[in-house]
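Asker: One predicted model, sequence on top.
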Amino acid sequence: MMYRFLLLLSTLLLSSVLFAGVEVRSFETPEQEALYNELSEELRCLVCQNQNLAASSAELALDLKEQVYRMVTKEGMSREQIITYMVDRYGDFVLYKPPVKKSTFLLWFGPFILLLIGFFVLMRTVKGAKQQPEKALDDKQRQAMQDLLNSKEN
């Protein structure tokens with residue numbers, strides 16, 4: 001009986017988490033809803049860093065979604081105005097696909113540069129290993145090796 005009670009209690013407690021991600025917003029026009037959804041996909045969660053606002057449930061992401069919703073519905077701002085506002089406030093990092101410019105150069109090309117450097121180091125290491133001549137054994141080393149082989153046979 002106690003087992004069933006604990007199972008029911010844990011099910012009720014855990015089921016409340018399932019409803020936490022449901023987002024209900026009302027829009028006056030389908031264009032507003034489309035703009036909101038587009039911006040939610042295009043803007044990055046500043047906490048999660050690898051998720052857009054639509055996919056994130058972080059508190060800051062929820063605040064940003066609320067702010068975007070307000071700008072779209074209440075203030076009637078355009079897509080460009082909202083993006084400009086967000087970039088001015090949070091920098092290019094708020095964009096899920098930031099523009100290519102001086103300040104984002106390493107963000108866009110840094111991984112490729114590191115990959116090329118790693119490839120160059122690997123090639124130099126392999127090439128250097130092939131160029132090292134084999135050392136010939138002197139008489140003392142040859143005799144020690146022969147003694148080891150002979151001791152293994154006995």
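Answerer: Cool, got the structure.

Asker: Tell me the secondary structure of the most centrally placed residue in the chain, please.
Answerer: Geometric centre of the chain, nearest residue: Asn50, 4.0 Å, by CA atoms, centre = their mean. Under DSSP: H, G, I helix; E, B strand; the rest coil, Asn50 falls in the coil class.

Asker: so what's Lys127 up against?
Answerer: Lys127 is in contact with no residue at all, counting by CB atoms under 8 Å, 6 or more residues apart in numbering. For glycine as for every other residue, the C-beta is placed from the backbone atoms N, C-alpha and C.

Asker: gap between Val126 and Ala54?
Answerer: Per CB to CB, to the nearest Å, Val126 is found 46 Å from Ala54.

Asker: of these two, who's got more company?
Answerer: Applying other CB atoms under 10 Å to Val126 and Ala54 shows that Ala54 carries more neighbours, namely 18 against 10.

Asker: which residue sits closest to that one, ignoring its sequence neighbours?
Answerer: Distance criterion CB to CB, 6 or more residues apart in numbering; nearest residue to Ala54, sequence neighbours excluded, is Ser40 at 4.0 Å.

Asker: Now the longest helix belonging to the chain: buried residues?
Answerer: For the chain, the longest helix by residue count, based on DSSP state H, is helix 105-131. Buried residues in helix 105-131, defined by neighbour count with 16 or more other CB atoms under 10 Å: none.

Asker: How far does the helix or strand just after it sit from its chain's centre?
Answerer: Moving toward the C-terminus from helix 105-131, the next helix or strand (DSSP states H and E) is helix 139-153. Put simply, helix 139-153 sits 57 Å off its chain's centre (CA atoms, centre = their mean, to the nearest Å).

Asker: what comes into contact with helix 139-153?
Answerer: Residues outside helix 139-153 that contact it (CB under 8 Å, 6+ apart) are Leu137.

Asker: repeat that with 6 Å
Answerer: Around helix 139-153, nothing counts as a contact under CB atoms under 6 Å, 6 or more residues apart in numbering.

Asker: Repeat that for stretch 91-98.
Answerer: Contacts of stretch 91-98 (CB under 6 Å, 6+ apart): Glu42, Leu43, Arg44, Asn52, Met86, Thr104.
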